[in-house]
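**Q** Sequence first, then the predicted structure, then my questions.
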Amino acid sequence: PTLSCPNDSALVQMFFTTDDNANHETSASFADSNGATSFDMQVGDLESNKNYHVQECLPKQSCYILTFNDEAGDGICCDHGTGSYSILYDGVEVASG
């Protein structure tokens, strides 16, 4: 189910799919400009070849940073699967890859 956010917040949704090696080389985090994380998964927390959907109501007029770290340096696509990501801000896609 989709969250309903108060007027001073925006619904931020993150959809991502991990590659074949995510469980032993990939981490992901979503943090504000002060470094406070609203989503933080370390290497070993993510399963390989899995679809994830994370949603949160976050304050409007704030800046956020999505970080994927791949310890092997081969990214989440395409040598070892078809990893991808998409971020929606109040229902509008603002980033994807």
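**A** All right, it came through fine. Worth saying up front: this structure is predicted, and the values here are computed from it rather than measured.
**Q** Phi, psi for the residue most central in space within the chain please.
**A** The chain has residue 14 as the residue nearest its centroid, 4.9 Å off, counting by CA atoms, centre = their mean. Reported as degrees, to the nearest 10, the phi and psi values for residue 14 are phi -120, psi 120.
**Q** Does the residue nearest to it when sequence neighbours are not counted fall in a helix, a strand, or a coil region?
**A** Nearest non-adjacent residue to residue 14, counting by CB to CB, 6 or more residues apart in numbering: residue 54, 4.6 Å away. For every residue, glycine as well, the C-beta is placed using N, CA and C. Under DSSP: H, G, I helix; E, B strand; the rest coil, residue 54 falls in the strand class.
**Q** Distance of residue 54 relative to residue 30?
**A** 8 Å (CB to CB, to the nearest Å).
**Q** Residue 5 now?
**A** Using CB to CB, residue 5 is found at 16 Å from residue 30.
**Q** repeat for residue 1
**A** Per CB to CB, residue 1 is found 20 Å from residue 30.
**Q** Between these two, which is the more surrounded one?
**A** Set residue 1 next to residue 30 and count neighbours by other CB atoms under 10 Å: residue 30 wins out with 19 against 4.
**Q** The residue nearest to the centre of the chain: what's it in contact with?
**A** 30, 39, 52-55, 66, 85-88 (CB atoms under 8 Å, 6 or more residues apart in numbering).
**Q** which of these count as buried?
**A** The neighbour count (16 or more other CB atoms under 10 Å) marks 30, 39, 52, 55, 66, 85, 87-88 as buried among the contacts of residue 14.
**Q** would TSV of those residues with pLDDT and secondary structure be doable?
**A** Shown next, in TSV, are the buried ones among the contacts of residue 14 (pLDDT from 0 to 100; DSSP: H, G, I helix; E, B strand; the rest coil):
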residue	pLDDT	secondary structure
30	86	strand
39	82	strand
52	92	strand
55	93	strand
66	86	strand
85	92	strand
87	93	strand
88	95	strand
